[in-house]
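Asker: A structural model of the following input is requested.
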Amino acid sequence: MIRALAWLGRLTLGLIAALGRMTLFVLEVFSHLFRPPWYPREFGNAVMSVGWQSLPVVGLTALFTGGALALQIYSGGARFSAEAVVPQIVAIGMVRELGPVLVGLMIAARVTSSIAAEIATMKVTEQIDALVTLSTHPMKYLTLPRVLAATLTVPVLVGIGDVIGIFGGYVVGVYRLGFNAAGYLQNTVDFLEALDILSSLAKGAVFGALAGLAGCYYGLNSARGAMGVGRATKSGVVAAAVLILAANFVLTEVFFSA
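Answerer: This is a model prediction of the structure:
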């Protein structure tokens, strides 16, 4: 019994310490936001990596998710003679929930892993020490451009993913399930509200910031050697995915608790 309590206590203290370190890291990152120097070239490269190069995987994920969602809603609605709600539910489900979450998880898988591995490798090969020697702050040169790029570009990816997901549902609804094309689009527009779109973009910004912060944090705090790089990459992706899902619940409660 005592051993179990001691293990639980160590686990709790470890979680609290990790949370404290991550909080201090986040505060340090944002403390550099308004203080020069800035590195626009690094920011531009990060925007291309996070945004433009993520478009194919985001588009394909959203397209097939929207189509599968339309099929599932039609199949489930047929049990209650409610097949006509497919356009409305696909639009609301993609914009409010599936679009932001799936894009966030794709960014965690693709971008967080890339950032963590890149920065961890730089630490292992002592490139970060070289930056310090050259009076370049690693937080400003490596972390801030990536976090800022993810925060600004992921909402754009979410918006594109929402549109593509709705289009996937439209293609399945019209060409597979026999819906009228004009009626499908009209129902989609009529049942979407400004709050739905606002919440989707806000979730994208938060998810992007979490993904960027997780990758940078674990990259900068990785252990030495190839095993340290692998652990940093794995931990960054897991942490980003869990934080995104937890933040999704909190933001959903904030926007739609009424």
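Asker: only C-alpha atoms from now on, for both contacts and neighbour counts.
Answerer: Will do.
Asker: where exactly do the helices run in this protein?
Answerer: Secondary structure of the chain (DSSP state H): helices at 2-31, 40-50, 55-77, 86-93, 99-107, 113-124, 127-133, 138, 144-175, 181-191, 194-220, 225-256.
Asker: what residue is smack in the middle of the chain?
Answerer: residue 104 (2.3 Å; C-alpha atoms, centre = their mean).
Asker: go ahead and confirm it touches residue 206.
Answerer: No: with contact defined as C-alpha atoms under 8 Å, residue 104 does not reach residue 206; the gap is 9.2 Å.
Asker: so who does the residue nearest to the centre of the chain touch?
Answerer: Shown in contact with residue 104 (C-alpha atoms under 8 Å, 6 or more residues apart in numbering): 154, 204, 207, 208, 211, 241, 244.
Asker: can we see that at 7 Å?
Answerer: Taking C-alpha atoms under 7 Å, 6 or more residues apart in numbering as the contact definition, residue 104 lies against 204, 207, 208, 244.
Asker: closest to residue 120 among these?
Answerer: Using C-alpha to C-alpha, residue 208 comes nearest to residue 120 of these, at 19.8 Å.
Asker: shouldn't that closest one be in contact with residue 148?
Answerer: No: applying C-alpha atoms under 7 Å as the test, residue 208 and residue 148 come out as separate, 8.6 Å apart.
Asker: what about those two, which has more around it?
Answerer: Neighbour comparison, residue 208 and residue 148: the larger count goes to residue 208, with 34 against 21 (by other C-alpha atoms under 10 Å).
Asker: ok, the more buried one to residue 33 distance?
Answerer: Noted for residue 208: a distance of 16 Å to residue 33, by C-alpha to C-alpha, to the nearest Å.
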